[in-house]
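Visitor: what follows is a predicted structure for the sequence shown.
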Amino acid sequence: MQVTLENVTHTYQPGSPFQATAIQNVNLTIRDGDFLALIGHTGSGKSTLAQHINGLLKPTQGRVLLDGQDIHAKGYDKKEVRRKVGLVFQYPEHQLFEETVAKDVAFGPKNLGLSQMEIDERVKEALARVGLSELDAEEKSPFELSGGQMRRVAMAGVLAMRPQILVLDEPAAGLDPQSREDMLDMIASLHRQGSTIVMVSHAMDDVARYATRAVVMDKGAVAMEGAPEEIFRHGETLEKMGLDVPSVCKLGLQLKKMGLDGMENCFREEQAVSAILALWKGGKGHGAE
Amino acid sequence: MALNNITLGQFYPAESVVHRLDPRVKIILLIALIVAIFLAQNLLAFVPVVLFLYAAARLSTVPFPMLIKGLKPLRFILILTFVLNVFFLQGETPLLDLGFTVIKKEALITAVHYSLRLVLLVLASSVLTLTTAPIVLTDGLERLLSPLRVIHFPAHEMAMMMSIALRFIPTLLEEADKIMKAQTARGADFESGHLIQRAKAMVPLLVPLFVSAFRRAGDLAMAMEARCYHGGEGRTRLRVLKCERRDYIACAVMALLIAAVVVLSRLY
């Protein structure tokens, strides 16, 4: 399944004094199996872009195509888009409302009109996926949970709809390091199991670690697109946009300043470790001479 | 679906004499003007009121269409008032024979009178809200109501509550929009179905909204206490309201206006 954004422009409150163009002329294709990272400074239009992928926002200009069909065309069933493309908002725990965890997770599948048996099964599966199978979902109120657990329940609520594409808006924002790690591992495992992932993120380390493709947004337009390795090569351009490079890249630059080459092509921790090891061994050999 | 096209408050920022008037004076002037509008017993007596409003609107530099926009929500009531009065009031002088009914001159005059009264009331309050920032307005209200403290009326607390409410309306609207979108993404439908279904569909929106409102209220209370807020007792203010020459002039003009209205009402 493939989502294509064609020349998408979105203007908030057009015609009013508060008119603001959030994204302009964006062209983007999300292919099956992608782990796409949407990177950009605050206000660069990432979230607006994310909301176009499942048809929550209608482009002011341009089209959004799902498998070649315009999702805003007359007669196209929007529910179809919502079923195929799941969207997890920033701080999704703020959307919980039901009396029990199970009922909350069941909200999405229920809206799809599934049978009770199917719903129960999906709820169980979704909760297991987010690592909450131990929870007494039938009894516990979502408001009694910890922040990290609440977020996982909210994620389960989207996963229970079994979307093929999962769009996540800063899924790890505001979590403690452990929950953060768990969250990202969970997303990575969903990707491994075949889901297409679109993740809005500020954290370049995460992008380097998980993404297969990255799109950099700047002032509402796509500034760069490509594999994370390629994008992080343009550290200076990224910095100009108020963005960062992974900490591994920073280390590489520091070492370069000290006259130690060999880390130019490192973006992930494991790459850095082997490069540093090589440097160290080389250095020691040099010293022994 | 999107709630972001709701513009809240209608304050039109500008630098004009009317904007700079003391908010207390403006509130009193509005009340006086409303009294004058009700004192006017005939159409001629409306002339000074209309002139005054016209002058105020011109001085305020608020564009005319913005002023008129305040009338829009009232158009049905206006038309209804006018039509009901024209058709159902009794009179002596027939004016127009429509076959099924005869429109009387007295009925027409009364209809115009009542409609005009409504229009003027709305325009008068629009001039106030267009030229006074909500926060300044609550400040003015607080000061006007503060003498009531002797009968234990919580003027400061009321004003504080009003300013906080005003401050948080856009925030909550934004929040509501976000939650609505999040639930829509989960297949919720806020737009179709009959009344009861729609009311039920609001639950996934309202519960998180209330939860978040309470959370915000808790945070705000904490932040206020952390800055030693303890109510209005002994609190000094950033903006000290002071009446100036323009305020006295405005009051004098208003006094003349009321006198003129009373005299013109008696003339007939």
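Guide: That came through, no problem.
Visitor: what residues are up against whichever residue of the stretch 1-150 of chain A sits closest to chain B?
Guide: At 3.1 Å from chain B, residue A:111 is the closest residue in the stretch 1-150 of chain A, using CB to the nearest CB. All C-beta spots, glycine's among them, are computed from the backbone N, C-alpha and C. Contact partners of residue A:111, counting by CB atoms under 8 Å, 6 or more residues apart in numbering or on different chains, are A:79, B:186, B:187, B:188, B:189.
Visitor: same deal with residue A:264?
Guide: Residues in contact with residue A:264 (CB under 8 Å, 6+ apart) are A:252, A:256.
Visitor: gap between residue B:264 and residue B:42?
Guide: Applying CB to CB, to the nearest Å, the value for residue B:264 to residue B:42 is 7 Å.
Visitor: neighbour count winner among these two?
Guide: A count of neighbours by other CB atoms under 10 Å in any protein chain shown puts residue B:264 above the other of residue B:264 and residue B:42, at 19 against 14.
Visitor: and the more buried one, which helix or strand is it part of?
Guide: Of the helices and strands defined by DSSP states H and E, residue B:264 is found in helix B:245-267.
Visitor: CA-only coordinates of the longest helix along chain A in CSV, if you can.
Guide: Ranked by residue count under DSSP state H, the longest helix found in chain A is helix A:269-288. The C-alpha coordinates for helix A:269-288 follow below in CSV (Å, rounded to 0.1, in the frame of the first residue of the first chain):
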residue,chain,number,x,y,z
GLU,A,269,26.2,3.7,17.9
GLU,A,270,27.4,0.3,16.7
GLN,A,271,29.2,1.9,13.7
ALA,A,272,30.8,4.4,16.1
VAL,A,273,32.0,1.7,18.4
SER,A,274,33.7,-0.2,15.6
ALA,A,275,35.2,3.0,14.2
ILE,A,276,36.5,4.1,17.5
LEU,A,277,37.9,0.6,18.2
ALA,A,278,39.7,0.8,14.9
LEU,A,279,41.1,4.2,15.7
TRP,A,280,42.2,3.1,19.1
LYS,A,281,44.0,0.1,17.9
GLY,A,282,45.6,2.2,15.1
GLY,A,283,46.6,4.8,17.6
LYS,A,284,48.1,2.2,20.0
GLY,A,285,50.1,0.7,17.1
HIS,A,286,51.3,4.1,16.2
GLY,A,287,52.4,4.8,19.8
ALA,A,288,54.3,1.5,20.0
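Visitor: packing partners for that helix?
Guide: Under the contact criterion of 3 or more CB pairs under 8 Å, 6 or more residues apart in numbering or on different chains; DSSP states H and E, helix A:269-288 touches helix A:247-257.
Visitor: which elements pack onto the helix it packs on?
Guide: Partner elements for helix A:247-257 (3+ CB pairs under 8 Å, 6+ apart): helix A:204-210, helix A:269-288.
Visitor: looking at those helices, which is buried most?
Guide: helix A:204-210 (a mean of 21; mean count of other CB atoms under 10 Å in any protein chain shown).
Visitor: what helices and strands are in contact with that helix?
Guide: strand A:35-40, helix A:177-192, strand A:196-201, helix A:228-232, helix A:247-257.
Visitor: any chance of these in a markdown table, with mean pLDDT too?
Guide: A markdown table is the format used below for the helices and strands packed on helix A:204-210 (pLDDT from 0 to 100):
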| stretch | mean pLDDT |
| --- | --- |
| strand A:35-40 | 93 |
| helix A:177-192 | 92 |
| strand A:196-201 | 94 |
| helix A:228-232 | 88 |
| helix A:247-257 | 82 |
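Visitor: re earlier: so which of the contacts of residue A:111 would you say is closest to residue A:102?
Guide: residue B:186 (14.8 Å; CB to CB).
Visitor: tell me the pLDDT at that closest one?
Guide: Among the per-residue scores, residue B:186 shows a pLDDT of 91.
Visitor: can you get me a residue count around it?
Guide: Counted with other CB under 10 Å, residue B:186 comes out at 27.
Visitor: with residue A:103 instead?
Guide: By other CB under 10 Å, 16 other residues sit near residue A:103.
Visitor: I'd guess it is in a strand, am I close?
Guide: No. Secondary structure of residue A:103 (DSSP: H, G, I helix; E, B strand; the rest coil): helix, not part of a strand.
Visitor: can you count the residues close to the residue of chain B found nearest chain A?
Guide: Nearest to chain A, among the residues of chain B, is residue B:187, at 3.1 Å (CB to the nearest CB). Around residue B:187 there are 18 other residues, counting by other CB under 10 Å.
Visitor: just residue A:153 next, same as before
Guide: 26.
Visitor: three-state assignment of it?
Guide: helix.
Visitor: surely it and residue A:106 touch.
Guide: No. Contact criterion CB atoms under 8 Å: residue A:153 and residue A:106 do not qualify, at 11.4 Å.
Visitor: now the contacts of residue A:111 in JSON lines, with distance to residue B:86 and secondary structure?
Guide: Putting these into JSON lines (distance: CB to CB, whole Å; DSSP: H, G, I helix; E, B strand; the rest coil) gives the following:
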{"residue": "A:79", "distance to residue B:86": "51", "secondary structure": "helix"}
{"residue": "B:186", "distance to residue B:86": "53", "secondary structure": "coil"}
{"residue": "B:187", "distance to residue B:86": "52", "secondary structure": "coil"}
{"residue": "B:188", "distance to residue B:86": "48", "secondary structure": "coil"}
{"residue": "B:189", "distance to residue B:86": "45", "secondary structure": "coil"}
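Visitor: list just the nearest of those residues to residue A:267.
Guide: Among those, residue B:186 lies closest to residue A:267 (CB to CB), at 35.0 Å.
Visitor: counting neighbours, what do you get for residue B:161?
Guide: 12.
Visitor: is the host helix or strand of it in proximity to chain A?
Guide: Using DSSP H and E, residue B:161 falls within helix B:155-185. Yes. Against chain A, helix B:155-185 shows contacts by CB under 8 Å from any CB of the partner chain at B:175, B:178, B:179, B:181, B:182, B:183, B:184, B:185.
Visitor: returning to what we had before: now the helices and strands packed on helix A:204-210 as JSON lines including mean neighbour count?
Guide: Converted to JSON lines, the helices and strands packed on helix A:204-210 look like this (neighbours: other CB atoms under 10 Å in any protein chain shown):
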{"stretch": "strand A:35-40", "mean neighbour count": "25"}
{"stretch": "helix A:177-192", "mean neighbour count": "15"}
{"stretch": "strand A:196-201", "mean neighbour count": "24"}
{"stretch": "helix A:228-232", "mean neighbour count": "20"}
{"stretch": "helix A:247-257", "mean neighbour count": "16"}
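Visitor: for those, which one sits closest to residue A:72?
Guide: strand A:196-201 (18.9 Å).
Visitor: each with direction, which strands does the closest one pair with?
Guide: Strand A:196-201 has its sheet partners listed here by DSSP bridges as strand A:35-40 (parallel), strand A:165-169 (parallel).
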